[in-house]
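Undergrad: Just to be clear, the model below is a prediction. Sequence and coordinates:
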Amino acid sequence: MDKIKVTIEEVIYENPANGYSVVDCSSDGNLLTLTGYMPGVAPGENVLAYGEWTTHPEYGEQFKVEYYEKIMPTEERDIERYLSSGVLPHIGKSTAAKIVEKFGVDAFDIIEHNHLRLTEISGISQRKADEIYKAYVEQVGVKELVMLFQKFGLSPAYAVKAYKKLGAGAKNLILENPYILSDCINGITFQTADKIGTEMGIPKESPKRIYSGIRSIMMNCAYNGHTFVPLSSIVAMTKANLEIDGGVAEDAVSDLIFKGVLIKEDFGDFEGIYLESYYNAERYVAKRLRELSGVCFEMNPDEVEELIDKTEKSQGIDFAESQRDAIRQSFYNSAMVITGGPGTGKTTIINSIIKIMKSLGKKVALAAPTGRAAKRMSEVSGEEAKTIHRLLENMPEGDEVNLFARNEHNRLDCDVLIVDEMSMVDITLMDSLLKAFPVGARLIMVGDADQLPSVGAGNVLRDIIESDSLVCIKLKEIFRQAKESMIIVNAHRINNGEFPYLNDKDNDFFLVSRETPEETCSAIVDLCANRIPKSYGVDSMSQIQVLTPTRKTAIGVQYLNALLQDALNPRRASAVEKKTASCTFRVGDKVMQIKNNYTIEWEKEDGEKGTGVFNGDVGFITFIDNRNKKVTVQYEEKTVNYDFIQLEELELAYAVTVHKSQGSEFDVIIIPMLETHRLLMTRNLLYTAVTRAKRLVILVGREEIIGEYIRNDNIQRRYSGLKDKLSFS
């Protein structure tokens, strides 16, 4: 690793969110460019930088900084230059000269330890002196954290996050308890904090370590869909994962329950342990839904039937009795569920309810969990539908939490709220939705309870249905037009435990037989790149989607994405790429956002700006800027610029897991059918995958594997207490 000492001449670019900078410097009379995470550097500063020389194809030789040390200027000339650089508020060239003339080389000491003396300078009030002091202390604090984090091998970008989260005392807090990093800083895992704790000599049975470890275990369980964990399981996982005595683990869990960090609930056969946030969310959702279940609207039955009759005639539809009943119940109930598989008429019912309610002067709002699901809802209804996050007006401060402008103090302005794809709604989002739901309005929840549950914690739709706490209309009849599609027929056959019809040449559901993973993957690539586009006139990138149950096997997302990227968007000598730990991104790549980011900014073609990109959003890379360390992604209606440090939020999306595909529809779906992890080879996973297709389903692999999926009706248990709370009277 090379080392150079430089003086900062000019900051060409700095990202205030993470500290990534491009700066021009001088060293021994030579001008050079530094790039890397250097938060708060300013002209006039001396920096000792460690890194390596690189050659940029456009900008030439640069020094890529791995870590660095700031050396604050000590000469009056350099101090004045630093102060006049704009790095501190209210100090320009004239004021900087006055400060140095007054205090000389002691200027920094005055600002840090006796800042009110700045009021001796003409034009600096006490308010301005306070603001100068605050900005200077923040810079010093971030500098100290950068130095500390570099010792631990952590990026300076995390130092910026830590300072913003923990404030001026961040360094002391971290030295006292390094586990605060994993507790508070998104992106720093417990394993990383534990490594630091071990280096600092913190023993394995330290309460700080154990409490943070338990929180991490509970968060991982929530990530896997559980709102709570049985007491015996959390004790066992704590013992095993933290390598401590079982009695110590049990005492630690009990202590956290006593302190209110964890909540214990008796489920009869066992005791469940919650993180407080999930416990409160479940309680509120159950309480509010029980309240809504007790609200019935008085309507004239004859008038209701007349409205339904008029809608039938105006739309040229003959409603089945189940459809008619669903529309009818929307008049009388404050909250209800409509559930059914593909082709059972859910869309017809939604459109009819919208039409009737609007004819009565009701204000109707439509929402779905994902952008793609909301767009599809808009297309089939002809009305604007929003993501739930957008409907609730997510706020930029809400990093990794549901923080919304619409809440119990500022409720939604609507008389009827229809939410589609309810199977994807997790407990925390449902909590936020119900807090914003207006008193006296109607909530109509629509979804397919047989699909996979939400990615986030909870089992909201299934729990509501199984609790019998709300009116629930279950649609089972497949209508004539839907019966013409083998996709829909086979989806219902799979869901009923029956083998699908295959390879009718005039239809839309096929099996391409292959025996080995190599043969299967080769066939999938050929189908995507050649056979399907030629035969069906579809676009390989935007209209074909490979769905797979798993991530890391021979038919997993990572391997298939590498193969498909090379086939559909191969490397070109002149093209700019960006390598990450998991893949290489290229201009033209199909990518997916894999975590909610509430703060990232986007812009539409018409100039509208906003924030928020969400788990499951799919777009295409349009530009890679290595100089400014940015990747531009074009989503359906908005453009987003990602800093390189944010690329951990993106992954290639030529192939995605079935779980990530929920709420989306694609013209063509291709699914590998080979043996994989048994827990993933389930009937509802195959059913969910098949129902993502609009025009064509192709299974690639072995016919007997299809049967194994269908026979496995064992749904992995999700620990969720909503059903019990709803059933409680």
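TA: Done, it's in.
Undergrad: is it true that residue 378 touches residue 385?
TA: Yes: at 4.4 Å, residue 378 counts as touching residue 385 under the criterion of C-beta atoms under 8 Å. No exception for glycine: its C-beta is placed from N, CA and C like everyone else's.
Undergrad: So for these two, which sits in the more crowded spot?
TA: residue 385 (23 against 15; other C-beta atoms under 10 Å).
Undergrad: What's opposite that one in the beta bridge?
TA: Residue 385 has these beta-bridge partners by DSSP bridges: residue 366.
Undergrad: Confirm for me that it is in contact with residue 368.
TA: Yes: counting by C-beta under 8 Å, residue 385 touches residue 368, with 6.1 Å between them.
Undergrad: returning to that earlier point: hey, what's in contact with both of residue 378 and residue 385?
TA: Common contact partners of residue 378 and residue 385 (C-beta atoms under 8 Å, 6 or more residues apart in numbering): residue 366.
Undergrad: what's the spacing between stretch 10-28 and its chain's center?
TA: The chain centre lies 30 Å from the centre of stretch 10-28; the measure is C-alpha atoms, centre = their mean, to the nearest Å.
Undergrad: Tell me where the stretch 251-400 of the chain has strands.
TA: If DSSP state E, counting those that start in this stretch is used as the criterion, the strands of the stretch 251-400 of the chain fall at 262-266, 271-275, 335-340, 364-368, 385-387.
Undergrad: do you know which of those strands lies nearest residue 141?
TA: Set against residue 141 and scored by C-beta to C-beta, the strands of the stretch 251-400 of the chain come closest in strand 271-275, at 30.2 Å.
Undergrad: could you dump that closest one to CSV, C-alpha only?
TA: The C-alpha coordinates for strand 271-275 follow below in CSV (Å, rounded to 0.1, in the frame of the first residue of the first chain):
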residue,chain,number,x,y,z
GLU,A,271,-44.4,-18.6,25.8
GLY,A,272,-43.5,-16.3,22.9
ILE,A,273,-40.9,-13.5,22.9
TYR,A,274,-41.3,-10.3,20.9
LEU,A,275,-39.3,-7.3,20.2
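Undergrad: which outside residues touch it?
TA: 215, 218-219, 222, 227-231, 234, 253, 257, 261-266, 282, 719, 721.
Undergrad: thinking residue 381 is in contact with residue 352, fair?
TA: No: using C-beta under 8 Å, residue 381 is not in contact with residue 352; the gap is 10.3 Å.
Undergrad: buried residues in stretch 403-422?
TA: By neighbour count on 16 or more other C-beta atoms under 10 Å, the buried set for stretch 403-422 is 403-404, 406, 412, 414-422.
Undergrad: Name the nearest of these relative to residue 82.
TA: Nearest to residue 82 among these is residue 403, at 37.5 Å by C-beta to C-beta.
Undergrad: any idea what sits nearest the closest one, other than its immediate chain neighbours?
TA: Nearest non-adjacent residue to residue 403, counting by C-beta to C-beta, 6 or more residues apart in numbering: residue 395, 5.0 Å away.
Undergrad: Quick check: the gap between the one you found and residue 611.
TA: Going from residue 395 to residue 611 by C-beta to C-beta, to the nearest Å gives 8 Å.
Undergrad: overlap in contacts of these two?
TA: Common neighbours of residue 395 and residue 611 (C-beta under 8 Å, 6+ apart) are residue 598.
Undergrad: list the contacts for residue 512?
TA: Going by C-beta under 8 Å, 6+ apart, residue 512 touches 523, 527, 698, 699, 700, 701.
Undergrad: low-confidence ranges in the stretch 201-350 of the chain?
TA: Within the stretch 201-350 of the chain, no stretch has pLDDT under 70.
Undergrad: List the buried residues of stretch 627-645.
TA: Residues 629-633, 635, 638-645 are the ones in stretch 627-645 that count as buried (16+ other C-beta under 10 Å).
Undergrad: quick revisit: which neighbours do residue 385 and residue 368 share?
TA: Any residue near both residue 385 and residue 368 by C-beta under 8 Å, 6+ apart counts here, and that gives 374, 377, 420.
Undergrad: can you redo the residues you listed as JSON lines with pLDDT and distance to residue 582?
TA: JSON lines is the format used below for the shared contacts of residue 385 and residue 368 (pLDDT from 0 to 100; distance: C-beta to C-beta, whole Å):
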{"residue": "374", "pLDDT": "88", "distance to residue 582": "29"}
{"residue": "377", "pLDDT": "91", "distance to residue 582": "33"}
{"residue": "420", "pLDDT": "95", "distance to residue 582": "32"}
